[in-house]
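Colleague: I need the structure of the sequence given here:
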Amino acid sequence: MTYDPDNIFAKILRNEIPSIRVYEDADSVAFMDIMPRADGHVLVIPKTPCRNMLDATTEQMAAVMKTVQLMSRALMVAFGADGITLQQFNEEAGGQEVYHLHFHVLARHDGDHLGAPGKMGDQAKIQQNANKIRAALTAL
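Modeller: Numbering: from 1, shown residues only. Next up is the predicted model:
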């Protein structure tokens, strides 16, 4: 399988589609999921092309995981979370829908349940949650 440079995350990286970015470094970007399954649902992607972890280089994986860990810590602070759920899907049979390596990072609380997938979130609330995450990042 080949990488499609016109996938939605590649377009986000090129600023062809708007996103609410909460963190960026030389190798990765973290932005808010517009269909959040929990408050503070963040997506982390590499800046370089790869379909998923099956074709990613070790350098791409290391860069993304560094940011996943940072986002996890920020979500714990920003939302007073009890834990983190990390999701990552590979190929259609594995549940992947966007073919650019990405990790879902979700703040969790004891006894909560994830929201339904595919439901558009309230953009004002997503922006508020992004602000909480940015504030938590400065405190780390």
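
Colleague: hey, where'd the helices end up in this protein?
Modeller: 8-13, 58-78, 123-139 (DSSP state H).

Colleague: format the ones you listed as a markdown table; extra columns: mean neighbour count, mean pLDDT and distance to Gly111.
Modeller: Backbone N, C-alpha and C define where each C-beta goes, glycine included. Below are the helices of the chain laid out as a markdown table (neighbours: other CB atoms under 10 Å; pLDDT from 0 to 100; distance: least, CB to CB, whole Å):
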| stretch | mean neighbour count | mean pLDDT | distance to Gly111 |
| --- | --- | --- | --- |
| helix 8-13 | 18 | 98 | 32 |
| helix 58-78 | 18 | 98 | 17 |
| helix 123-139 | 15 | 97 | 20 |
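
Colleague: distance to Met35 for the ones you listed - can I get that in JSON lines?
Modeller: Formatted as JSON lines, the helices of the chain follow (distance: least, CB to CB, whole Å):
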{"stretch": "helix 8-13", "distance to Met35": "12"}
{"stretch": "helix 58-78", "distance to Met35": "17"}
{"stretch": "helix 123-139", "distance to Met35": "10"}
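
Colleague: Leu106 contacts Thr85, doesn't it?
Modeller: Yes: between Leu106 and Thr85 there is a contact at 4.4 Å, judged by CB atoms under 8 Å.

Colleague: got any residues that touch both of these two?
Modeller: Jointly contacting Leu106 and Thr85 under the rule CB atoms under 8 Å, 6 or more residues apart in numbering are 38, 114.

Colleague: which of the helices of the chain sits closest to Leu114?
Modeller: helix 58-78 (14.0 Å; CB to CB).

Colleague: quick one on the thing from earlier: of Leu106 and Thr85, which one has the most company?
Modeller: Between Leu106 and Thr85, Leu106 has the larger neighbour count (other CB atoms under 10 Å), namely 24 against 17.
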